[in-house]
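Engineer: Task: produce atomic coordinates for the following.
(chains A and B)
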Amino acid sequence: MTEFAVETRELTRRFGALTAVDHLSLQIATGEVFGLLGPNGSGKTTTIRMLCGLLDPTAGTARVAGVEVTETPERVKTRIGYMSQRFGLYEDLTVAENLDFYAGIYGLSRDTRRARTAELLGYLGLERRLHQLAGTLSGGWKRRLSLACAMLHRPALLFLDEPTAGVDPAARRSFWRTIHEIAQEGTTVLVTTHYMDEAERCGRLAMMSGGRLIALGTPAEVTAQVGGATLEDAFIVLQERDER
Amino acid sequence: MMPRFWPMFRKEFVQMRRDRLTLGIMIGVPVLQLMLFGFAIQTDVRHIPTVVLDESRTPESRDIIAAFENTGNFRIIGHVDGRPALDAAIARGDAQAAIVVPNDYPRDLARGRTATVQVIVDAADPLSSQAALAAAGGLAQARNLAILGARAGSATLPLEARVRPRYNPGLRSPVYIVPGLVGVILTITMVLITAMAIVRERERGTLEQLIVTPITRTELMLGKIAPYVGVGLVQMTTVLALGRFLFDVPFTGNVLLLYAIAHLFIIASLAFGLFVSTLVRTQQQAMQVSFFFVLPNILLSGFMFPRQAMPLVFQWISLALPLTHFLTVLRGILLKGVGLEALWRETAVLLGFGVLLITLAVRRFHKNLE
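Structural biologist: So this is what the prediction gives:
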């Protein structure tokens, strides 16, 4: 039997009276571009944070890249890359300094660091901004830099939490092209979004609402499960059902 | 061992260097404080503004008033002609002391009875009133000896206490303030800098990205404080150098030993700040907690007020402050010239504080977003 890149069983997280993630069971195969879709507050970010070992689940378990996250959260950290919703790099460091820092933190040897940095810089088109302070980059370039830092150590799995929030349409399109290229090289990508056009570009989708999984499958399957002509219709139907 | 310490160290160092304002403050504050303490603050009060009520108006009364003025502690600013005027002068604050020579002063003096001179001080200001009281007492003592000696027809005194103020013969305040100031400045800046360290990353959102990496808690903590050890050493050198050249503070002992022990104190202070950083949620809270900590350090450590005068409970509390021990080291090495044989206890305590506080900070810090 092949190991899933991500497997959760009854994963649950409560914050006081609020249940942010409610008995979520999911399986994501290696090499998939898997989308977590849902309105704000549906539990996408909490799910990702639990999978990365940033939050302990209240109940349930998660296996990520062959590691039980709840038991050994530190072991999973060498195998995953994570890009938070908010820009999480140092604005007072340059592009090169940020990359160098994370390369060091991920324990890359000097040669590997040099080769890998050059490769990613070229790939993501960051070379010309190498000595610019990260804080002065535009939204799209910040995302690219974050992605580069998250991929330095060739993670088996990449978690992208709303990677295109606040990015212009052209940059969004090219960012998604990159995501697919990464997946083609064998990296599993879990991405959250609430843009419908982006959801359509995922291999499979899990639609969340109020912390629960309400639909799962290819974009077409999800649309059919929820009922509606397009994914966007389905999404709105859900949101309305949620608010009631 | 700890392969991720160096990247962390380098990152903190670059960020520190880039933050010119903070760096400027870190160097500017010691210079400013040294000037304030060295030039502005003097605990030996002299030239207290004084009014005189001379009821007798005789050569004897003028003689005793001149003797008061000659001590240097009293500066006669005027004569008043009655009690109400005297009270008013003190109440208004024009005068902080008053000398009253009664009508019968010369008569009592001539007949060999106890002649009285009244000295009134404004004790709302404790330091200047104490100085005035001491000066008045000393003056009377000297006069008594002279008069008694003349009566007994003997020129030699039966007893004399020869006081030798060792380590600070001139009893100059900068000599004991400057070494203490090294410790106080390090406490303030070191604690404050690192108290902000973790919360700042949390507030800016960079901590989230950092804790999804395999960096260990110890690597993170040590990498964060290490660059600031350098800042602490620069601050210390600044204060010591200025103290030497501006206020002639002696360096009697082994300065290298002082620097070695200072490392321990700096690390303990930084570690305390780091510990604070793990307790609070915002930079503002970090600042408040730091100030809350700095105040007892200044008041209880013996920097300004003698610990021996404190109630026992406060003496014990002061032992829980690293600064108390470091002050003993600073004054011991700079003024007394003693070495490790006299200071090994303080050194061991400072080392213990460092280890304990780093351990606490690492334990308190969790690599998650709870």
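Engineer: Tell me who's in contact with whatever residue of chain A ends up closest to chain B.
Structural biologist: Chain A approaches chain B most closely through A:G104 (2.7 Å), counting by C-beta to the nearest C-beta. C-beta: built from backbone N, CA, C; applies to glycine. Residues in contact with A:G104 (C-beta atoms under 8 Å, 6 or more residues apart in numbering or on different chains) are A:R113, B:R4, B:W6, B:P7, B:M8, B:R10.
Engineer: again, only this time at 7 Å
Structural biologist: By C-beta atoms under 7 Å, 6 or more residues apart in numbering or on different chains, the contact list for A:G104 reads B:R4, B:W6, B:P7.
Engineer: burial measure for the second one, as a count.
Structural biologist: Spelled out, that is B:W6. Number of residues near B:W6 (other C-beta atoms under 10 Å in any protein chain shown) recorded here: 13.
Engineer: Find the helix or strand that the closest residue to it other than its chain neighbours is a member of.
Structural biologist: Leaving aside its sequence neighbours, B:W6 sits nearest to A:G104 (C-beta to C-beta, 6 or more residues apart in numbering or on different chains; 6.8 Å). Per DSSP states H and E: A:G104 is located in helix A:95-105.
Engineer: Next, the buried residues of that helix.
Structural biologist: Buried residues in helix A:95-105, counted by 16 or more other C-beta atoms under 10 Å in any protein chain shown: A:V95, A:A96, A:E97, A:N98, A:L99, A:D100, A:F101, A:Y102, A:A103, A:G104, A:I105.
Engineer: and the residue positioned nearest the centre of chain A, what is it in contact with?
Structural biologist: By C-alpha atoms, centre = their mean, chain A has its centre lying nearest to A:L160, at 2.0 Å. A:L160 sits next to A:M83, A:V189, A:V191 when contact means C-beta under 7 Å, 6+ apart.
Engineer: Restricting to those residues, which residues neighbour chain B?
Structural biologist: With the criterion set as C-beta under 7 Å from any C-beta of the partner chain, no member of the contacts of A:L160 is near chain B.
Engineer: Would you convert those into CSV that also reports pLDDT?
Structural biologist: What follows is those, written out as CSV (pLDDT from 0 to 100):
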residue, pLDDT
A:M83, 94
A:V189, 96
A:V191, 95
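Engineer: Save the residues you listed as TSV, and put in secondary structure too.
Structural biologist: Below are the contacts of A:L160 laid out as TSV (DSSP: H, G, I helix; E, B strand; the rest coil):
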residue	secondary structure
A:M83	strand
A:V189	strand
A:V191	strand
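Engineer: quick one: which of those residues is nearest B:L21?
Structural biologist: Nearest to B:L21 among those is A:M83, at 30.7 Å by C-beta to C-beta.
Engineer: and that closest one, how many neighbours does it have?
Structural biologist: A:M83 has 25 neighbours, counted by other C-beta under 10 Å.
Engineer: what pairs with it across the strands?
Structural biologist: Using DSSP bridges, the beta-bridge partners of A:M83 come out as A:L160.
Engineer: Next, the contact list for it, please.
Structural biologist: So A:M83 contacts A:S146, A:L147, A:A150, A:F159, A:L160, A:D161, A:P163 (C-beta under 7 Å, 6+ apart).
Engineer: Weed out the non-buried ones from those.
Structural biologist: A:S146, A:L147, A:A150, A:F159, A:L160, A:D161, A:P163.
Engineer: Now do the helices in chain A.
Structural biologist: With DSSP state H as the criterion, chain A has helices at A:44-51, A:73-76, A:95-105, A:110-124, A:139-151, A:169-184, A:196-199, A:219-226, A:231-243.
Engineer: deepest of these, which one?
Structural biologist: helix A:44-51 (a mean of 26; mean count of other C-beta atoms under 10 Å in any protein chain shown).
Engineer: Can you find the helix or strand in chain A with the smallest mean pLDDT?
Structural biologist: The helix or strand of chain A with the poorest confidence is helix A:231-243; it has a mean of 74 (mean pLDDT, DSSP states H and E).
Engineer: Would you mind pulling up the elements that that helix packs against?
Structural biologist: Contacts defined by 3 or more C-beta pairs under 7 Å, 6 or more residues apart in numbering or on different chains; DSSP states H and E place helix A:231-243 against helix A:196-199, strand A:204-209, helix A:219-226.
Engineer: want to throw those into a markdown table with mean pLDDT and distance to chain B?
Structural biologist: Compiled in a markdown table, the helices and strands packed on helix A:231-243 are given as follows (pLDDT from 0 to 100; distance: least, C-beta to the nearest C-beta, whole Å):
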| stretch | mean pLDDT | distance to chain B |
| --- | --- | --- |
| helix A:196-199 | 85 | 22 |
| strand A:204-209 | 90 | 19 |
| helix A:219-226 | 84 | 28 |
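Engineer: Save the ones you listed as JSON lines, and put in distance to A:D168 too.
Structural biologist: Shown next, in JSON lines, are these (distance: least, C-beta to C-beta, whole Å):
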{"stretch": "helix A:196-199", "distance to A:D168": "14"}
{"stretch": "strand A:204-209", "distance to A:D168": "24"}
{"stretch": "helix A:219-226", "distance to A:D168": "24"}
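Engineer: Determine the number of other residues adjacent to the residue in chain B positioned nearest to chain A.
Structural biologist: Closest to chain A within chain B is B:P7: 2.7 Å, counting by C-beta to the nearest C-beta. B:P7 is flanked by 21 other residues according to other C-beta under 10 Å.
Engineer: Not counting sequence-adjacent ones, nearest residue to it?
Structural biologist: Closest to B:P7 by C-beta to C-beta, 6+ apart is A:G104, at 2.7 Å.
Engineer: swap in A:Y82?
Structural biologist: Computed as C-beta to C-beta, 6+ apart, the closest residue to A:Y82 that is not its neighbour in sequence is B:V212, at 4.2 Å.
Engineer: before we move on, what SS does the one you found have?
Structural biologist: Strictly by three-state DSSP, B:V212 counts as coil.
Engineer: sorry, back to before: ok, and what's touching the host helix or strand of the residue of chain B closest to chain A?
Structural biologist: Using DSSP H and E, B:P7 sits within helix B:5-18. Identification of contacts with helix B:5-18 by C-beta under 7 Å, 6+ apart yields A:90, A:92-93, A:97, A:101, A:104-105, B:23, B:215, B:219-220, B:222-224, B:226-227.
Engineer: which among the residues you listed end up buried?
Structural biologist: Buried among those by 16+ other C-beta under 10 Å: A:90, A:93, A:97, A:101, A:104-105, B:215, B:219-220, B:222-224, B:226-227.
Engineer: which of these lies closest to B:S56?
Structural biologist: Nearest to B:S56 out of the buried ones among the contacts of helix B:5-18 is B:P227 (C-beta to C-beta; 71.6 Å).
Engineer: Now the phi/psi pair for that closest one, please.
Structural biologist: phi -60, psi -30 (degrees, to the nearest 10).
Engineer: Relative to A:F101, how far out is it?
Structural biologist: Using C-beta to C-beta, to the nearest Å, B:P227 is found at 14 Å from A:F101.
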